[in-house]
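[1] Sequence and predicted model, in that order:
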Amino acid sequence: MRFRPCIDIHNGKVKQIVGGTLKDEMDQAAENFVSEQDGAYYASFYKKDKIKGGHIILLNPSSSPYYEATREQAFRALGAYPLGLQVGGGIRDDNAASYLDAGASHVIVTSYVFKDGVLDYGNLKKMVNAVGREHLVLDLSCRRKDDKYYIVTDRWQKFTDLVLSHGVLDELAGYCDEFLVHAVDVEGKANGIETALADMLGSWNGIPVTYAGGIGSFADLENLRLHGKGRLDVTIGSALDLFGGPMPYREVVKLCEK
């Protein structure tokens, strides 16, 4: 289990939000934490500790009046830690190279590939052609419906028709280097992980998978290790002391290294 840091940016600020509350209308979200520091500060912090593979997520759509400020924050973070961080949020084949040129190790894609509720293989192949499989992370963030986990898009607001399963992981692994999976219904709540989702992801043996959502204590972290069979990397947001939470960053890093 590797610790993967995060820098979530909304309305031009580094924040931790409750994932299920994010709305494009009026750029709304319930906030757990709003930082006084910018993206470059956190990127430099992770660089100093040589922690790679974290992700920057732009949480505003391109239509938002805050989009340029959010994008600027992302570029500052990438410049502070070249090749140390991944970036996602509004990534397409025609803008992905700009993020790689700015220092991203990978680009993270959801909505462009899962378009209008279905998997668009044409756009998936365009992404692979644009950046190469080795620079592509597919975001398979999901929400539970009818006891199944459906992939969601557009900043986690829209359900696709695709149920996350071993078959889907097998199929998509040939197109990307890693998967990122937010358990959206528990994201930002720090009240326990989605154990059924962790079981499913942990019982699959393929490319790296990073799990995010619901971790609020070291007991939750251990629960993820057990249900994920030690195969899942982990992101912790609101519960981390860097973002006002109770879990000391240094202890999290040390535990994950073990």
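    Alright, I've got the coordinates. Everything quoted here is computed from the prediction, not taken from an experiment.
[2] what helices or strands is the least confident helix or strand in the chain by mean pLDDT leaning on?
    The weakest-scoring helix or strand in the chain, judged by mean pLDDT, DSSP states H and E, is strand 31-34 (a mean of 81). For strand 31-34, the elements it packs on are strand 13-17, judged by 3 or more C-beta pairs under 8 Å, 6 or more residues apart in numbering; DSSP states H and E. Quick note: C-beta positions are derived from backbone N, CA and C, even for glycine.
[3] neighbouring strands for the strand it packs on, and are they parallel or not?
    Strand 13-17 sits in its sheet next to strand 6-10 (antiparallel), strand 31-34 (antiparallel), going by DSSP bridges.
[4] can these go into CSV with extra columns for distance to residue 59 and mean neighbour count?
    Below are the strands paired with strand 13-17 laid out as CSV (distance: least, C-beta to C-beta, whole Å; neighbours: other C-beta atoms under 10 Å):
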stretch, distance to residue 59, mean neighbour count
strand 6-10, 4, 27
strand 31-34, 11, 16
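[5] So for residue 170, which of these sits nearest?
    The closest of those to residue 170 is strand 6-10. By C-beta to C-beta, the value is 26.8 Å.
[6] And the contacts of that closest one?
    Strand 6-10 has contacts (C-beta atoms under 8 Å, 6 or more residues apart in numbering) with 14-17, 22, 27, 29, 39, 42-43, 54-60, 66, 70, 73-74, 77, 85, 89, 212, 235-237.
[7] Can I get it in PDB, CA atoms only?
    Only the C-alpha atoms of strand 6-10 are listed here, as PDB (Å, rounded to 0.1, in the frame of the first residue of the first chain):
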ATOM      1  CA  CYS A   6      -3.800  14.800  -3.200                       C
ATOM      2  CA  ILE A   7      -4.300  18.500  -4.100                       C
ATOM      3  CA  ASP A   8      -8.000  19.200  -4.800                       C
ATOM      4  CA  ILE A   9      -8.700  22.600  -6.300                       C
ATOM      5  CA  HIS A  10     -12.100  24.300  -6.300                       C
END
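[8] one step back: which helix or strand lies directly C-terminal to the least confident helix or strand of the chain?
    helix 39-48 (DSSP states H and E).
[9] Name the surrounding residues that touch that next one.
    Applying C-beta under 8 Å, 6+ apart, the set of residues contacting helix 39-48 is 5, 7, 9, 14, 35, 54, 56, 73-74, 76-81, 84-85, 242.
[10] Out of the contacts of strand 6-10, name the ones that lie in strands.
    Mapping these onto strands (DSSP state E) picks out 14, 15, 16, 17, 54, 55, 56, 57, 58, 85, 212, 235.
[11] can you redo those residues as TSV with neighbour count?
    Converted to TSV, these look like this (neighbours: other C-beta atoms under 10 Å):
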residue	neighbour count
14	25
15	21
16	26
17	21
54	22
55	25
56	29
57	24
58	25
85	30
212	27
235	23
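[12] in the chain, which ranges drop under the pLDDT threshold?
    Confidence mapping of the chain against pLDDT under 70 gives the ranges 19-20, 25-26, 28.
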